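*Asks:* got a predicted structure plus its sequence, pasted below:
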Amino acid sequence: MKASELRLKNKTDLKSELDSLLKAQFRLRMQVATKQLVNTSQICKVRRDIARIRTILTEEIRNG
């Protein structure tokens, strides 16, 4: 997911996307703990997407 795509979304869409990514991150962590996760690079991708969304939300708050 690119930052330019995220900037086009409104605040409620970003928050719902953030919630779904946080749930996905939790599921991935549980899969790592139970040794079921094969592709561990998914964790990094989800973390980066979460950081992108949080950054854009913070920018919107500061810019009003």
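*Replies:* Received, thanks.

*Asks:* gap between Q25 and C44?
*Replies:* Distance of Q25 to C44, given as C-beta to C-beta, to the nearest Å: 11 Å. Yep, even glycine has a C-beta here, placed from its N, CA and C like the rest.

*Asks:* in terms of neighbours, single out the busier of those two.
*Replies:* Remark: of Q25 and C44, Q25 carries more neighbours, 16 against 9, as counted by other C-beta atoms under 10 Å.

*Asks:* I'd like the average pLDDT over the helix or strand harbouring that one.
*Replies:* Taking DSSP states H and E as the criterion, Q25 maps to helix 11-33. For helix 11-33, the mean pLDDT works out to 96.

*Asks:* show me the contact partners of the following helix or strand past that helix.
*Replies:* Per DSSP H and E, the first helix or strand lying C-terminal to helix 11-33 is helix 41-63. Outside helix 41-63, the residues that touch it by C-beta atoms under 8 Å, 6 or more residues apart in numbering are 1, 3, 6-7, 11, 14-15, 17-18, 21-22, 24-25, 28-29, 32, 37.

*Asks:* I appreciate the help and will end here.
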